[in-house]
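Engineer: Here you go, sequence then predicted model.
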Amino acid sequence: MMHSYRLRAPGKINLALEIIGDRSDGFHELVMIMQSIALADQVEVRSNGLQEVRLFCNHPQVPLDASNLAHRAAVLMAENFPEVAANYGGVDITIEKQLPVAAGLAGGSGNGAAVLVGLNLLWQLGLTQPELQRLGAQLGSDVPFSIAGGTAIATGRGEQLDAIAGLHDLPLVLAKYENLGVSTPWAYQAYRSQFSGEYISEPAAIAQRTAQIHAGELVKAITHQDGPAIARLMHNDLEKVVLPAHPQVAQLKGAFQETEALGTMMSGSGPTVFGICESLAAADRVKQHLTEAIADPHLQVWTTTTLNGGIEIIP
Ligand code: C5P
């Protein structure tokens, strides 16, 4: 019997994020295209025999208390399977962060997703991926996607997923100011206060918007692995509130636009900005250009690629 598992927890970017309207549960009705990236955290789950959840992380900005999604994931599993949890004892969760925090890359959601997948293995529960995703939806809107990963159309709160043909190793550059984070609840609240006049509420109209994206040009471009078309068609409604509130992020996007990147956009609620590139060599040049153009020691820049998968065991 294994006493520990190590898992890869990839980040994600949004190739599309459309806000449709309000939901009765207080969340927003969304249509998104989610895409996993190779930049990933590592999460280890290990039985500690102490009947408690302990969390360890190498990143100073990550909260280690019960508010952390990884911690909440372990508590959720223990609540759903109390006898098994008691039998196996407590769990130590160790997160090695590569992804920036509060960045719009679903780092926290990925960590929570990894704990669900890891405890399913550690406690030999035999839950299926859809069962894990249903549990994950209780933790956060992005957790179900984080479990499966790849490329997917996400609707509802973001937890209703339709996988689409995945992108193969599309080169990306990601950039973020280390000292700047954006709160997701703030971003959605700011959007509601400015744009709720445009919200749609009739179920038929919502269904029509969903159908539109399924049949739309962006999904076609993804299916054809057409980087330039994806870069031209991608869209994020939250840019409308985050860019004006954080001029630094708008400037960063502007700096990307002066590079050879095929297109550039903010991911999720930000403040990470990404650019799609034609090749890894181009991505390296874009990274170089950004680092030179923005002489700020807080600027972090990564090159990565799209990834065709979600949480996976690291052998
Ligand atoms: O689901 P998650 O905890 O990641 O969502 C964080 C916050 O983002 C929510 O509390 C809500 O303010 C906002 N949100 C939303 N509609 C969604 C997803 C998130 O309003 N579909």
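Structural biologist: Good, I have the coordinates.

Engineer: quick one: residue 206 from residue 234, how far?
Structural biologist: 21 Å (C-beta to C-beta, to the nearest Å). To be clear about C-beta, it is placed using only N, CA and C from the backbone, and glycine gets the same treatment.

Engineer: Which of the two has more residues huddled nearby?
Structural biologist: residue 234 (22 against 18; other C-beta atoms under 10 Å).

Engineer: Can you identify the element that follows whichever helix in the chain runs longest toward the C-terminus?
Structural biologist: The longest helix of the chain (DSSP state H) is helix 107-122. Following helix 107-122 in sequence order, the next helix or strand is helix 129-137 (DSSP states H and E).

Engineer: buried sites along whichever strand or helix holds residue 87?
Structural biologist: According to DSSP H and E, residue 87 maps onto helix 82-88. Going by neighbour count (16 or more other C-beta atoms under 10 Å), the buried part of helix 82-88 is 85, 88.

Engineer: excluding its backbone neighbours, what's nearest residue 127?
Structural biologist: residue 120 (4.9 Å; C-beta to C-beta, 6 or more residues apart in numbering).

Engineer: again but with residue 179, I slipped
Structural biologist: residue 298 is the one closest to residue 179 (C-beta to C-beta, 6+ apart), at 4.7 Å.

Engineer: Around that neighbour, how many other residues sit close by?
Structural biologist: Residue 298 has 11 nearby residues by other C-beta under 10 Å.

Engineer: how much space between it and residue 100?
Structural biologist: 11 Å.

Engineer: Next, show the common contact partners of these two.
Structural biologist: residue 178 (C-beta atoms under 8 Å, 6 or more residues apart in numbering).

Engineer: how big is the angle separating the longest helix of the chain from helix 129-137?
Structural biologist: Computed with axes from the mean of the first three to the mean of the last three C-alpha atoms, to 10 degrees, the direction of helix 107-122 lies at 130 degrees from that of helix 129-137.

Engineer: Kindly state the pLDDT recorded for the residue nearest to residue 179?
Structural biologist: The per-residue pLDDT reported for residue 298 equals 96.

Engineer: Then residue 208?
Structural biologist: 92.

Engineer: secondary structure class for it?
Structural biologist: helix (DSSP: H, G, I helix; E, B strand; the rest coil).

Engineer: again, but for residue 20
Structural biologist: Assignment for residue 20 (three-state DSSP): strand.

Engineer: isn't it right up against residue 199?
Structural biologist: Yes. Shown here, residue 20 and residue 199 form a contact pair, counting by C-beta atoms under 8 Å, at 7.2 Å.
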